[in-house]
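Novice: A predicted structure for the sequence below; I have some questions about it.
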Amino acid sequence: MTVIKGKKMNHISKKTIVGLIVFGLSAGISSIASASPESDAKAFQKYFTDRFPQVPYDDFMNGAYTVDKAGRENWEAIEEFPPYEPFIDDGQAMWEKPFKNGKTYASCFPDGPAMAHKFPHWDKEKKMVMTLPLALNNCLEANGEKPMKYKKGDINKILSYITYQSRGNKTNVVVPNDPDAIAAYEDGKKFYFQRRGQLNFSCASCHMQNAGMKLRSEILSPAFGHTTGFPVYRSKWGTVGTLHRRFTGCNKQVRAKPFKAQGPEYRNLEYFLTAMSNGLELNGPSARK
Amino acid sequence: MKKSLFIGCSLLVAFSVGCTANQTACEKTAPEKEAKMMAKKAVPSCTKEVALIQHADEARKKAGSVGGEWRDTAKFIKQAHAAVKKGDCHKAEVLANKAIMEGNLGYDQAMSQKTIKMPKYFNFK
């Protein structure tokens, strides 16, 4: 400390302090401005690749079996005679069967059936996230057919067929520079990290913070790669089920009232979660516990 | 065997004759019997508990309005209604209070989560 004529002056002058404050503020502002779906995905994936350095990048599409050795052996044995195969066959029949008006699903989806990697996407006209199940039902209704239920039943057959045909394509969710699309993405992101239910858990509580740890007897799967394998044949269900069925189950497990399948909450959540797995191959349908 | 059969039949005849002879007496005691049966069937009104259940449903809806409804709140309210029907006012009160607590906590939880910060273990930088 320098003493000048009785006044004590600190070497850190007022100018320096102000400069530091401005620097700190600009650093904070620049980090918020640079937060984008692309940078989110990068950070999200880095979190898991750092946490599980022994897991090859592409292997994250295999869910809990990336980190559950014993479970993986059982799963690989199951995959020799996959329980979802009949669903693929039934789904193919559905895809090819004409509606009452003579048209087929191909009329709505000329690029199909290998099109699962194009969903979810932002529908600019309808100003909402468009998911594959919703698009399929829109096609049915446009052709005078009854829409399918979103969690159980026939939807899982046609989804199994479409995702099987789409295998090998990479997840590539694009969030356009559109305020409504960004808002939907941010809603999904917020949902993912919000605590809910009597147990006060967020999705991140289990699948980020405690990924690879045990919840009772089961190993919690990493969130990176969560969406690539849906629809899944879950041994617990004894059948194939959709991603939104799983969202419903997870919310019930933390004792929160689940939201409606294909409602805005779960579609936005799917939008965020799928974007976080950008770069991973689709490998649905798949078998899980 | 023949003796016991005879006694049984005699008793049967005597009973039916007696009922017929005392028909007037039977008719007189019927309203009393009916009143006794009605008294048994009557259940407490649980007025206070019904109001509490209404309050519970309002708390549930308030939580639901912000996406914070918990899984079992509606079930407790339904069970409380069923308890009122059976006249179990105490059970209805316990269930209604449980539902009120869940509704309030669910609302507070959802409101606390409206503006969230990213968890510390997840660095976006």
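Specialist: Perfect, I can see it now. Numbering: from 1, shown residues only, chains lettered A, B, ... in the order given.
Novice: contacts and neighbour counts: CA atoms only from here.
Specialist: OK.
Novice: tell me how far the ends of stretch A:91-109 are from each other?
Specialist: 15 Å (C-alpha to C-alpha, to the nearest Å).
Novice: centre of the chain to it, how far?
Specialist: 28 Å (C-alpha atoms, centre = their mean, to the nearest Å).
Novice: next, the buried residues of it.
Specialist: Buried residues in stretch A:91-109, counted by 16 or more other C-alpha atoms under 10 Å in any protein chain shown: A:91-92, A:94-95, A:104-105, A:108.
Novice: what's around A:Gly197, how many residues?
Specialist: Other residues near A:Gly197 come to 25 when the count uses other C-alpha atoms under 10 Å in any protein chain shown.
Novice: likewise for A:Val67?
Specialist: 22.
Novice: against chain B, how distant is the nearest residue to it once chain neighbours are set aside?
Specialist: Distances taken as C-alpha to C-alpha, 6 or more residues apart in numbering or on different chains place A:Gly212 nearest to A:Val67, at 6.1 Å, with adjacent residues excluded. Using C-alpha to the nearest C-alpha, to the nearest Å, A:Gly212 is found at 15 Å from chain B.
Novice: quick one: pLDDT of A:Gly212?
Specialist: Looking at A:Gly212, its pLDDT stands at 94.
Novice: make sure it is indeed in a strand.
Specialist: No. Read with DSSP: H, G, I helix; E, B strand; the rest coil, A:Gly212 is coil and lies in no strand.
Novice: that one contacts A:Glu218, doesn't it?
Specialist: No. Between A:Gly212 and A:Glu218 there is no contact under C-alpha atoms under 8 Å: 9.4 Å.
Novice: and the longest helix anywhere in chain B with chain A, contact?
Specialist: Looking across chain B with DSSP state H, the single longest helix is helix B:89-112. Yes. Helix B:89-112 reaches chain A (C-alpha under 8 Å from any C-alpha of the partner chain) through B:102, B:106, B:109-110.
Novice: top of those by neighbour count?
Specialist: Highest count within the residues of helix B:89-112 next to chain A by other C-alpha under 10 Å belongs to B:Gly106, 29 neighbours.
Novice: show the contacting residues for A:Gly225.
Specialist: A:60-63, A:277, A:280 (C-alpha atoms under 8 Å, 6 or more residues apart in numbering or on different chains).
Novice: per-residue pLDDT, residue 80?
Specialist: As the question left the chain open, I've gone with chain A. In this prediction A:Glu80 is given a pLDDT of 93.
Novice: not quite, go with chain B.
Specialist: For B:Ala80, pLDDT reads 98.
Novice: now B:Thr24
Specialist: At B:Thr24, the pLDDT recorded in the model is 48.
Novice: what do you get for A:Lys289?
Specialist: For A:Lys289, the model assigns a pLDDT of 87.
Novice: show me what contacts it?
Specialist: A:234-236.
Novice: with A:Ser277 instead?
Specialist: Neighbours of A:Ser277 in contact, by C-alpha under 8 Å, 6+ apart: A:41, A:45, A:171, A:224-228.
Novice: that one looks like it's in a strand, true?
Specialist: No. A:Ser277 is assigned coil when assessed by three-state DSSP, not a strand.
Novice: interface residues of chain B facing chain A?
Specialist: B:68-72, B:102, B:106, B:109-110, B:113-114, B:116, B:118-119, B:121-125.
Novice: coming back round to it: quick one: which of the contacts of A:Ser277 sit in helices?
Specialist: If you go by DSSP H, those have A:41, A:45 in helices.
Novice: distance to A:Pro285 and pLDDT added to the contacts of A:Ser277, as a markdown table?
Specialist: Shown next, in a markdown table, are these (distance: C-alpha to C-alpha, whole Å; pLDDT from 0 to 100):
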| residue | distance to A:Pro285 | pLDDT |
| --- | --- | --- |
| A:Ala41 | 23 | 95 |
| A:Gln45 | 22 | 96 |
| A:Thr171 | 14 | 97 |
| A:Phe224 | 17 | 97 |
| A:Gly225 | 13 | 96 |
| A:His226 | 12 | 96 |
| A:Thr227 | 11 | 97 |
| A:Thr228 | 9 | 97 |
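Novice: out of the residues of chain B next to chain A, which end up buried?
Specialist: Looks like the residues of chain B next to chain A have B:68-72, B:102, B:106, B:109-110, B:113, B:124 buried, using 16+ other C-alpha under 10 Å.
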